[in-house]
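Undergrad: task: produce atomic coordinates for the following.
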Amino acid sequence: MIAAPPRLVIVDDDVALRTVFAKVLTRAGYEVSTATGNPDVVAMVDEQAPAAVLMDNHMPGTSGLDLITLL
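TA: Residues are numbered from 1 along each chain as shown. This is a model prediction of the structure:
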């Protein structure tokens, strides 16, 4: 049985950074999902149960620290 690759969620309001991180981590063998930083990311994390969440702290609206508190 082949194990599924670890799942990561990248949360950043900068589309270029999200894209670069997602490409690099996908090539490294991770399954990657991305989000812009809105509170809906909490539902995404609950559904996907990722191994890790990579999150920007300085985002408009809900900051990374606020999202960590919600998680």
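Undergrad: quick one: the helices in this protein, in order.
TA: When secondary structure is read from DSSP state H, the chain shows helices at 15-27, 40-48, 64-70.
Undergrad: any idea how far residue 12 is from residue 38?
TA: 12 Å (CB to CB, to the nearest Å). C-beta here means a position set from N, CA and C on the backbone, and glycine is covered the same way.
Undergrad: picking that back up, which one of the helices of the chain lies nearest to residue 6?
TA: The closest approach between residue 6 and any of the helices of the chain, judged by CB to CB, belongs to helix 15-27 at 9.5 Å.
Undergrad: got the helices of the chain as TSV, with distance to residue 4 columns?
TA: What follows is the helices of the chain, written out as TSV (distance: least, CB to CB, whole Å):
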stretch	distance to residue 4
helix 15-27	14
helix 40-48	12
helix 64-70	25
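Undergrad: nearest to residue 2, of the ones you listed?
TA: The closest of these to residue 2 is helix 15-27. By CB to CB, the value is 17.1 Å.
Undergrad: just the buried residues of the closest one, please?
TA: Within helix 15-27, the residues that qualify as buried by neighbour count (16 or more other CB atoms under 10 Å) are 18, 21-22, 25.
Undergrad: and the helices of the chain, which one averages the lowest pLDDT?
TA: Among the helices of the chain, helix 64-70 carries the lowest mean pLDDT, at a mean of 86.
Undergrad: what is it packed up against?
TA: Here helix 64-70 touches helix 40-48, strand 52-55, going by 3 or more CB pairs under 8 Å, 6 or more residues apart in numbering; DSSP states H and E.
Undergrad: which one of these is the most hemmed in?
TA: Highest mean neighbour count of these: strand 52-55, a mean of 17 (counted as mean count of other CB atoms under 10 Å).
Undergrad: contacts for that strand, please.
TA: The set of residues that contact strand 52-55 without belonging to it, under CB atoms under 8 Å, 6 or more residues apart in numbering, is 6, 8-12, 21, 37, 45, 64, 67-68, 71.
Undergrad: let's have these in JSON lines, adding distance to residue 29.
TA: Below are the contacts of strand 52-55 laid out as JSON lines (distance: CB to CB, whole Å):
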{"residue": "6", "distance to residue 29": "8"}
{"residue": "8", "distance to residue 29": "11"}
{"residue": "9", "distance to residue 29": "16"}
{"residue": "10", "distance to residue 29": "15"}
{"residue": "11", "distance to residue 29": "20"}
{"residue": "12", "distance to residue 29": "21"}
{"residue": "21", "distance to residue 29": "14"}
{"residue": "37", "distance to residue 29": "25"}
{"residue": "45", "distance to residue 29": "21"}
{"residue": "64", "distance to residue 29": "25"}
{"residue": "67", "distance to residue 29": "26"}
{"residue": "68", "distance to residue 29": "26"}
{"residue": "71", "distance to residue 29": "24"}
